[in-house]
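Asker: sequence plus predicted model, see below.
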Amino acid sequence: MFEQIIQFLATGITVGSTYALVGLGFALIYNASDVVNFAQGEFVMLGAMLAIALLTAGWPLPLAAIAATLLTVLAGLLLERFAIEPSAGAPVVSTIIITIGAAIFLRGVALLLWGKDFHSLPPFSGDAPLRLGGATLLPQSLWVLGMTVLLVGLVHGFLNRTLLGKALLACSFNRAAAQLVGINVKVMLRLAYGLSAGLGALAGILIAPITFSSYEAGIMLGLKGFSAAIVGGIGNPMGAVAGGLLLGVLESLSAGLISSGYKDAIAFLFVLMVLFLRPTGLFGHQVAERV
Amino acid sequence: MNKQPWKIIVAAILLSTGLNSAQAADPIKIGSFLTVTGPASFLGDPELKTLQLYVESINAGGGINGRPVELIHYDTGGKAQDAVGFVKRLIKNDNVDLIVGGTTSGDTLAAIPEVEKEGIPLVSLAGAVDIVEPVKKWVFKVAHSDRMAAAKIFEDLRKRKLTKVALITGDGGFDKSGREQLLKLAPEYGITIVADESYGNKDTDITAQLTKIRATDAQAIINFGFGQTPAIVTKNIKQLGIKLPVYQSHGVASKTFIDLAGDAAEGVRLPAAALVVAEQLPDSDPQKPVLLAYKKQYEAKYGPVSTFGGHAYDGLFIAVEAVKRAGGTDKAKVRDQIEKTKGFIGASGVFNMTPEDHMGLNLDAFKMVEIHNGGWKIVE
């Protein structure tokens, strides 16, 4: 039994890390603009599919991964420039709807480019399972975990230690005030979209060897990442990471110990409970509205 | 006023000549409703391509009994409620002579009441046994049943003297129906189901369920499903270091599965249509020339064949042969002739229909294959 639980935890943390990376992307854009970017899952898909396409075209894996990430960043910037920026000043809800449209558009493009089939990336360092006490882990899972820790650390450092990062955070607290002290909000918004797209792409490339990818792979990942961001308190990047890990572990434990049929139901029930009991999420700030 | 009669006469002449010319080339209208988009598109897409390909080549060869064939097709997107609407439209607006289609069991089952009411022959390309059991007067099917797949797997288990198996299935219609058949047939083959796990068809990690299976005394694992998840299941089994024989269903009998699951797919067994191992069949096999010809014609235009496209080939030609024998498109006669299909060598097997059996395939239509060095190998 103990062995089994170790395995469930190992599985949960791997799956949870992917949710965490996607959730982090949601949090960044929400921070900069109060907008939930529903195309975040599509960035994940785009990163994976581009890497696969470049690899098939004969590029070495590291180069393909970097190029795919940069191309996805470009896609994020284009999305911001041509879909989000022209609607500046529109209500947040309209902007969210624009991101849903963008998600559908990106899925369509991917469908035309790569068809309906699933594609997979080769694992970065073999697929011989590693033994860990009673549990087994794929080397790729270690890549996912390691890169998640690294990326989360980088984002955390960027937001809290650099001027640029602090400026980005400032936009989230008060956009007008940020503008008044000389922060270029437009540039910050582009930065947020570029960064989120890059993070999404990296997440997609990291998990593609484990979960495969297809033109519609972004839907479920986006949904789970969004849940992670809500659980953690939307807008709190580190909360999103914690939320992702929590969700992953919860899913895997409920599949293992209760019933595999109810695992998604239990995970989403948990999200609802969090929203009900702590509407700002587990790690969200209490918002005091001044009247 | 006195110009009116002339007008009527001219109109009448024009109309009658119009009618005449239409009658001379009066096409045989074959209706079809397939799932070309949506989650089951990998089934419907090759089916539609096959229908279009062969309708074109039938017409290039002079049609049936000198009449051209016209294919009228609607895409249901896998929504059963839309399927009913499209079938109504095919019958009432397009006045088709017969229908080949219904990619999924859900689409087909939804359309059956309409087809039975209107009395029009339907050759379904879907799998569920419920389509032809109990027998419906106007409904036939050409795809292997999930029950056949279950029986084929159990036969192989019996040969290997394995009696305790673990099931793991997805949450789709195909998966659920397969699971039901496996559970129902197990006692007949003396097999005990020691675990019965499930997963969501969009899940990306199944190790939790497989860890539970690892803790049982199962001697083999059967995974009944389609899409990418069975490939993930196969990979996860290897990841967990489980060494049991693994069986998959005919739902993954495609090269994509081998590509996705990679090394983990080695040694996996599954019942598959002869099409995937066409080249390996002995020359004495009557299906071999049919399969190779279909493969050549399809691949020349579209790329790798799939067994699902093969169902469309069978459906179309069983219908076409019946129209030829009936000498026309009288619906009742065509229906009777479809029922009298004997020794028709198709892509899925040799069909022998009877009034009691509207599918006409036996277990030989499936080959038990093993994945070996990234390819298929017949193990019988």
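Answerer: Okay, I see it.

Asker: nearest residue to the closest residue to chain A within the stretch 1-150 of chain B in space, please, no chain neighbours.
Answerer: With CB to the nearest CB as the measure, B:Ser41 is the residue of the stretch 1-150 of chain B nearest to chain A, at 5.3 Å. In short, each C-beta sits where N, CA and C put it, glycine included. Excluding its sequence neighbours, the residue lying closest to B:Ser41 (CB to CB, 6 or more residues apart in numbering or on different chains) is A:Lys116, at 5.3 Å.

Asker: do the same with B:Gln337
Answerer: Nearest to B:Gln337 is B:Ala322, by CB to CB, 6+ apart, at 3.8 Å.

Asker: what is the three-state secondary structure of the residue lying closest to B:Asp263 once chain neighbours are set aside?
Answerer: Spatially, and ignoring its direct neighbours in sequence, B:Asp263 is nearest to A:Asp127 (6.8 Å; CB to CB, 6+ apart). Assigned by DSSP: H, G, I helix; E, B strand; the rest coil, the conformation of A:Asp127 is coil.

Asker: quick one, what contacts A:Asp127?
Answerer: Contact analysis of A:Asp127 by CB atoms under 8 Å, 6 or more residues apart in numbering or on different chains lists A:138-140, A:209, B:235, B:238-239, B:262-264.

Asker: measure it to A:Leu206 for me?
Answerer: 14 Å (CB to CB, to the nearest Å).

Asker: before we move on, the earlier item: show me what counts as buried in the helix or strand where the residue nearest to B:Gln337 lies.
Answerer: Following DSSP states H and E, the helix or strand that holds B:Ala322 is helix B:307-326. Buried residues in helix B:307-326, counted by 16 or more other CB atoms under 10 Å in any protein chain shown: B:307-323, B:326.

Asker: ok, B:Trp138 - contacts?
Answerer: By CB under 8 Å, 6+ apart, the contact list for B:Trp138 reads B:115-116, B:119-122, B:335.

Asker: circling back to that earlier point, need the pLDDT of the residue of the stretch 1-150 of chain B closest to chain A.
Answerer: We have a pLDDT of 80 for B:Ser41.

Asker: pLDDT weak spots in chain B?
Answerer: Scanning chain B for pLDDT under 70 picks out the ranges B:1-25.

Asker: how is it carved up into domains?
Answerer: Here the domain parsing of chain B from automatic domain parsing is B:25-144+B:287-361, B:147-279+B:366-378.

Asker: so how far is the longest one off the chain centroid?
Answerer: Averaging C-alpha coordinates over domain B:25-144+B:287-361 and over its chain gives two centres that are 9 Å apart (CA atoms, centre = their mean, to the nearest Å).

Asker: now do the last one
Answerer: On the basis of CA atoms, centre = their mean, domain B:147-279+B:366-378 is displaced by 19 Å from the centre of the chain it belongs to.

Asker: next, the distance between the ends of it.
Answerer: The straight-line separation of the ends of domain B:147-279+B:366-378 (CA to CA, to the nearest Å) is 20 Å.

Asker: got the residues of the stretch 51-200 of chain A near chain B?
Answerer: Among all residues of the stretch 51-200 of chain A, those adjacent to chain B (criterion: CB under 8 Å from any CB of the partner chain) are A:116-118, A:120, A:122, A:127, A:129, A:131, A:136-138.

Asker: mind checking which of the residues you listed are buried?
Answerer: Here, 16+ other CB under 10 Å leaves A:118, A:120, A:127, A:129, A:136-138 buried among these.

Asker: which ones are touching B:Gly170?
Answerer: B:Gly170 sits next to B:198-201, B:224-227, B:229-230 when contact means CB under 8 Å, 6+ apart.

Asker: 10 Å instead, please
Answerer: Going by CB atoms under 10 Å, 6 or more residues apart in numbering or on different chains, B:Gly170 touches B:176, B:178-179, B:198-203, B:206, B:223-227, B:229-230, B:233, B:251.

Asker: could you do A:His119 as well?
Answerer: A:His119 makes contact with A:48-49, A:51-53, A:55-56, A:208, A:212-215, A:217, B:228, B:256, B:259-260, according to CB under 10 Å, 6+ apart.

Asker: state the phi and psi torsions of the residue of the stretch 101-250 of chain A found nearest chain B.
Answerer: Residue nearest to chain B within the stretch 101-250 of chain A: A:Thr211 (3.6 Å; CB to the nearest CB). Dihedral pair for A:Thr211: phi -110, psi 0, per degrees, to the nearest 10.

Asker: that one reaches A:Gly218, doesn't it?
Answerer: No: using CB atoms under 10 Å, A:Thr211 is not in contact with A:Gly218; the gap is 11.7 Å.

Asker: nearest to chain A: which residue in the stretch 251-380 of chain B?
Answerer: Nearest residue of the stretch 251-380 of chain B to chain A: B:Leu260, at 5.1 Å (CB to the nearest CB).

Asker: helices or strands up against the one helix or strand B:Ala151 maps to?
Answerer: Here B:Ala151 sits within helix B:146-159, counting by DSSP H and E. If you count contacts as 3 or more CB pairs under 10 Å, 6 or more residues apart in numbering or on different chains; DSSP states H and E, helix B:146-159 packs onto strand B:164-169, helix B:173-185, strand B:220-224, strand B:246-248, strand B:269-273, strand B:366-372.

Asker: and the helices in the stretch 1-150 of chain A?
Answerer: Using DSSP state H, counting those that start in this stretch, the helices of the stretch 1-150 of chain A run over A:2-33, A:40-56, A:61-79, A:92-114, A:139-161.

Asker: those into TSV, with extra columns for mean neighbour count?
Answerer: Formatted as TSV, those follow (neighbours: other CB atoms under 10 Å in any protein chain shown):
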stretch	mean neighbour count
helix A:2-33	25
helix A:40-56	27
helix A:61-79	19
helix A:92-114	16
helix A:139-161	17
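
Asker: mind listing the strands in the stretch 101-250 of chain A by residue range?
Answerer: For the stretch 101-250 of chain A, the strands defined by DSSP state E, counting those that start in this stretch cover A:130-132, A:135-137.

Asker: thought B:Val194 was touching B:Leu167?
Answerer: Yes: counting by CB under 10 Å, B:Leu167 is a contact partner of B:Val194 at 9.0 Å.

Asker: mind listing the shared neighbours of those two?
Answerer: Taking CB under 10 Å, 6+ apart as the contact definition, B:Val194 and B:Leu167 share the neighbouring residues B:213, B:218.

Asker: the helices in the stretch 251-380 of chain B, which residues?
Answerer: Using DSSP H, counting those that start in this stretch, the helices of the stretch 251-380 of chain B run over residues B:255-261, B:287-302, B:307-326, B:331-339.

Asker: now distance to A:Leu9 too, for those, in TSV please.
Answerer: Below are these laid out as TSV (distance: least, CB to CB, whole Å):
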stretch	distance to A:Leu9
helix B:255-261	25
helix B:287-302	46
helix B:307-326	40
helix B:331-339	57
